[in-house]
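>>> whatever this is, show me its structure:
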Amino acid sequence: MIDVIVIGAGPAGLAGAIAANKNGLSVMVLDEFIKPGGRLLGQLHQETSGEWWNGIEESKRLHEEAINLGIDIRSNVSVFNICQEDSLWNVYTDASTFQAPFILLATGAAEYPIPIPGWTLPGVMSIGAAQVMTNVHRVQVGKRGIIIGANILSFAILNELQLAGIHVDRIVLPEKSPLSKDAAVPEEVMKSLLNVAHLAPSPFLRAGSRMMKNVGMRKIGLRLFPKSGVNVNGTSLQLRKAAVEIVGKEQVEGVRVVDIDAQGNKISDSEIEYDADFVCIAGGLYPLAELAAVAGCPFEYIPALGGHVPIHSEAMETPLQGLFVAGNITGIESGKIAMAQGTVAGLSIANKVEKESKTITKKLSQALQQVQTVRQASSIQFNLDINSGRNKMKSLWAAFDVNNSKNIV
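Residues are numbered from 1 along each chain as shown. You can find the predicted model right below:
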């Protein structure tokens, strides 16, 4: 019989499967993609230490370790429902139905779409799709592109596209609307980007970014921000321009933009069109948590974690008996943190089975500390207030009687 079914073969899922298996549990991993790795497969960047983070190599390492341990990994399998009957979880997939007393949901994150007129044209894609096509499938997405949306994700993938020899002409903001929200407000965008000022490509930009952390200086900086943009390794960052339409007859031919003020309001008579043969829309990430919702897990909306997240403990346990979570389903962070959380989840499940074994409890304590260590050392934070978000979840978990599922509201 299977002890644990892990849904999602990304960094959190594979790390969780390995930790559970190493502590005596039989594990099955299910993933809808054609190969394990999740978002790791597209990641390639240089860290502040100078070392390169190669997601493909990291996913290969995790996959090989899992295979060597005898973990059953099944790719190209879609899970569409999970429900609990008595003490077992039923996992319904397009291949078969599986049962186990424990489930680890490591489903990761999805991208926010920002609708823009013309976004159905061939050549328009999410920034994550460009990353996968470039780094996983080795397909050149185009010769001259424009990114709509300036956030941590778009800058990380911009660097990867540049490394692949793909020219991104400029980055502009989306037009202000109820759906684009703060992503269309230059003042808010600049504030969020200051969180990664240390990664700016030149000493001048890094020094200027430190000055912009002062509110008054930031307002002055935005007023003086050049309309032509600031050069980021050959790509023009234009915080004072917004895309109002993607143009083209049968495929992308360009993007129509307008000048905007510090609050994202359009300035009249400022429309201009830039040529492009591909467009990436970067709306950011949110936790992919539908299966937790289907299972009946309670949620909380915490913007600092990226959106609606299932209630969970630091040990990755949810209020539903036998249901655990790890990775970006709990809040948007880096792949390294997802791996650390996966290890915590795997050990937590093993600890439940072994009724709080002293040996596993010690390992779990060390794994929990490792999550904090990795988080503190992380060079990139997708959300500015991640620690406040985690603390809020900690308080919410304390309010639940996890030993009595009848008390769940």
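
>>> helix/strand/coil for the residue nearest to residue 114 when sequence neighbours are not counted?
Leaving aside its sequence neighbours, residue 114 sits nearest to residue 283 (Cβ to Cβ, 6 or more residues apart in numbering; 4.3 Å). Bear in mind the C-beta positions are built from the backbone N, C-alpha and C, glycine included. With DSSP: H, G, I helix; E, B strand; the rest coil as the basis, residue 283 sits in coil.

>>> per-domain residue ranges of the chain.
4-111+285-407, 124-281 (automatic domain parsing).

>>> to residue 117, which of the ones you listed lies closest?
domain 124-281 (4.4 Å; Cβ to Cβ).

>>> tell me the mean pLDDT over the closest one?
Domain 124-281 shows a mean pLDDT of 85.

>>> give me the distance between it and the centre of its chain.
Mean-position distance between domain 124-281 and its chain equals 19 Å (Cα atoms, centre = their mean, to the nearest Å).

>>> check stretch 79-94 too.
Put simply, stretch 79-94 sits 26 Å off its chain's centre (Cα atoms, centre = their mean).

>>> one more: stretch 353-364?
With Cα atoms, centre = their mean, you get 30 Å for stretch 353-364.

>>> which residues does it contact?
3, 23-25, 102, 315, 344, 347-348, 350-351 (Cβ atoms under 8 Å, 6 or more residues apart in numbering).

>>> what residues sit buried inside that stretch?
Across stretch 353-364, burial judged by 16 or more other Cβ atoms under 10 Å covers 353, 357, 360, 363-364.

>>> also stretch 290-306?
Buried residues in stretch 290-306, counted by 16+ other Cβ under 10 Å: 291-292, 295, 297-298, 302, 304-306.

>>> okay, those in CSV with secondary structure, pLDDT and distance to residue 336 next?
Converted to CSV, the buried residues of stretch 290-306 look like this (DSSP: H, G, I helix; E, B strand; the rest coil; pLDDT from 0 to 100; distance: Cβ to Cβ, whole Å):
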residue, secondary structure, pLDDT, distance to residue 336
291, helix, 97, 24
292, helix, 97, 23
295, helix, 96, 27
297, coil, 96, 25
298, coil, 95, 28
302, strand, 95, 21
304, helix, 91, 19
305, helix, 94, 17
306, coil, 92, 17
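
>>> and which of those residues is nearest to residue 260?
Nearest member of the buried residues of stretch 290-306 to residue 260, counting by Cβ to Cβ, is residue 306, at 25.4 Å.

>>> that closest one: what's its closest spatial neighbour, skipping adjacent residues?
Per Cβ to Cβ, 6+ apart, closest to residue 306 is residue 332, 3.7 Å.

>>> on that earlier part again, just checking, the residue nearest to residue 114 touches residue 109?
No. If you go by Cβ atoms under 8 Å, residue 283 and residue 109 don't touch, sitting 11.7 Å apart.

>>> between the two, tell me which one has more neighbours.
residue 109 (26 against 23; other Cβ atoms under 10 Å).

>>> what residues does the more buried one make contact with?
39, 285-288, 306, 328-329, 332.

>>> residue 131 sits in which helix or strand?
Using DSSP states H and E, residue 131 maps to helix 127-135.

>>> any idea how far residue 125 is from the residue nearest to residue 133 when sequence neighbours are not counted?
Distances taken as Cβ to Cβ, 6+ apart place residue 139 nearest to residue 133, at 4.5 Å, with adjacent residues excluded. Remark: distance between residue 139 and residue 125 (Cβ to Cβ, to the nearest Å) = 11 Å.

>>> between the two, which contacts overlap?
residue 133.

>>> so for these two, which sits in the more crowded spot?
Counted by other Cβ under 10 Å, residue 139 and residue 125 do not tie: residue 125 has more neighbours, with 20 against 11.

>>> how about the secondary structure of the residue of the chain positioned farthest from its centre?
What lies farthest from the middle of the chain is residue 269; by Cα atoms, centre = their mean that is 37.6 Å. Assigned with three-state DSSP, residue 269 falls in the coil class.

>>> and it, how close does it get to residue 259?
9 Å.

>>> swap in residue 66?
For residue 66, the distance to residue 259 - Cβ to Cβ - is 52 Å.

>>> same question, residue 156
For residue 156, the distance to residue 259 - Cβ to Cβ - is 27 Å.

>>> those two: which has the busier surroundings?
Comparing residue 156 with residue 259 by other Cβ under 10 Å, the one with more neighbours is residue 156, at 21 against 17.

>>> following element in sequence after the longest strand seen in the chain, please.
If you go by DSSP state E, the chain has its longest strand at strand 235-247. Sequence order places strand 254-259 as the next helix or strand after strand 235-247, per DSSP H and E.

>>> next, the angle strand 235-247 makes with that next one.
If you take axes from the mean of the first three to the mean of the last three Cα atoms, to 10 degrees, strand 254-259 sits at 110 degrees to strand 235-247.

>>> name the next helix or strand downstream of strand 254-259, please.
Once strand 254-259 ends, the next helix or strand along the chain (criterion: DSSP H and E) is strand 272-275.

>>> next one, pLDDT for residue 378 please.
75.

>>> that one: neighbour count?
Other residues close to residue 378 by other Cβ under 10 Å number 16.

>>> make 625 the starting number, not 1.
All set: I'll call the first residue 625, so the last point we hit is now residue 1002.

>>> is it true that it touches residue 957?
Yes. Checked against Cβ under 8 Å, the pair residue 1002 and residue 957 is within contact range at 7.2 Å.

>>> ok, back up a step: please produce JSON lines containing the contacts of stretch 977-988, extended by neighbour count and pLDDT.
What follows is the contacts of stretch 977-988, written out as JSON lines (neighbours: other Cβ atoms under 10 Å; pLDDT from 0 to 100):
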{"residue": "627", "neighbour count": "17", "pLDDT": "97"}
{"residue": "647", "neighbour count": "19", "pLDDT": "95"}
{"residue": "648", "neighbour count": "12", "pLDDT": "94"}
{"residue": "649", "neighbour count": "22", "pLDDT": "97"}
{"residue": "726", "neighbour count": "26", "pLDDT": "98"}
{"residue": "939", "neighbour count": "19", "pLDDT": "96"}
{"residue": "968", "neighbour count": "30", "pLDDT": "98"}
{"residue": "971", "neighbour count": "27", "pLDDT": "97"}
{"residue": "972", "neighbour count": "25", "pLDDT": "97"}
{"residue": "974", "neighbour count": "24", "pLDDT": "96"}
{"residue": "975", "neighbour count": "19", "pLDDT": "95"}
